[in-house]
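*Asks:* Pasting the sequence and the predicted model now:
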Amino acid sequence: MGDVAGTSSVQKTARDMILSLALIMLVAGVVWLFIPHEDGEPDVKRVDYRVDLLTARRAASYPVAAPEGLPEAWKPTSVRYQGTESEAWHLGFHAPDGEYVAVEQSAGKRSAFIEDATQGAVKTGTTQRIDGETWTRYEGDHYDALVLEGTEGSTTVVTGTASFGQLTKMAGALRTE
């Protein structure tokens, strides 16, 4: 008779564990239903950079570049001008393919600025002509870039996670006035 009482106790404990597990899973399912789930990419907020651009163009010692004529699918997402000794201009975009593209300019030391703006990308030696200007390609683990050649007093870099095709579109759209 002692065996029967032991078996009943084990069965009751196992049944209680299964019921507890079912209750926990039911609560977890209800909580999951009430948590918002995002399908696809998050909505990227567009910033208006016109005032910052005008300010930078008045303050900088070099011609500040910004794109003109890009389709609406190119969303400006970040902008800043630091008028300290390096006079750094930054304008970031969410490209139509979901990648990141930025226009970076500075009057600071060229090599250090390129290193920073491209996140350590390496000069390839490959150049391409875009709207009559020569740009050098840089390739990196995080960012690829196009660096404008032949500028005095400033450095212009188009960089990001986007393809060279997208970087080229941005470089071709850049205007200084």
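*Replies:* Thanks, I have the structure now.
*Asks:* I'd like the distance from stretch 113-123 to the chain centre, please.
*Replies:* Relative to its chain's centre, stretch 113-123 lies at 16 Å (Cα atoms, centre = their mean, to the nearest Å).
*Asks:* If you count neighbours, what's buried in that stretch?
*Replies:* Going by neighbour count (16 or more other Cβ atoms under 10 Å), the buried part of stretch 113-123 is 113-114, 116-119, 121. Backbone N, C-alpha and C define where each C-beta goes, glycine included.
*Asks:* quick one: terminal-to-terminal distance for it?
*Replies:* One end of stretch 113-123 to the other measures 13 Å (Cα to Cα, to the nearest Å).
*Asks:* Could I get the average pLDDT for it?
*Replies:* Stretch 113-123 shows a mean pLDDT of 96 in the predicted model.
*Asks:* which stretches of the protein form strands?
*Replies:* For the chain, the strands defined by DSSP state E cover 66-67, 75-82, 88-94, 100-106, 122-130, 133-139, 144-148, 155-160, 174-175.
*Asks:* Give me the sheet partners of the last one and which way each runs.
*Replies:* Spelled out, it's strand 174-175. Note on strand 174-175: by DSSP bridges, its sheet partners are strand 66-67 (antiparallel).
*Asks:* contacts for the strand it pairs with?
*Replies:* Identification of contacts with strand 66-67 by Cβ atoms under 8 Å, 6 or more residues apart in numbering yields 49, 53, 74, 91, 93, 103, 170, 173-175.
*Asks:* try 7 Å this time
*Replies:* With contact meaning Cβ atoms under 7 Å, 6 or more residues apart in numbering, strand 66-67 is reached by 53, 91, 103, 170, 173-175.
*Asks:* Kindly report the same for stretch 152-161.
*Replies:* Under the contact criterion Cβ under 7 Å, 6+ apart, stretch 152-161 has outside partners 61-62, 65, 99-107, 110, 113-114, 117-118, 143, 145-148, 167, 170-171.
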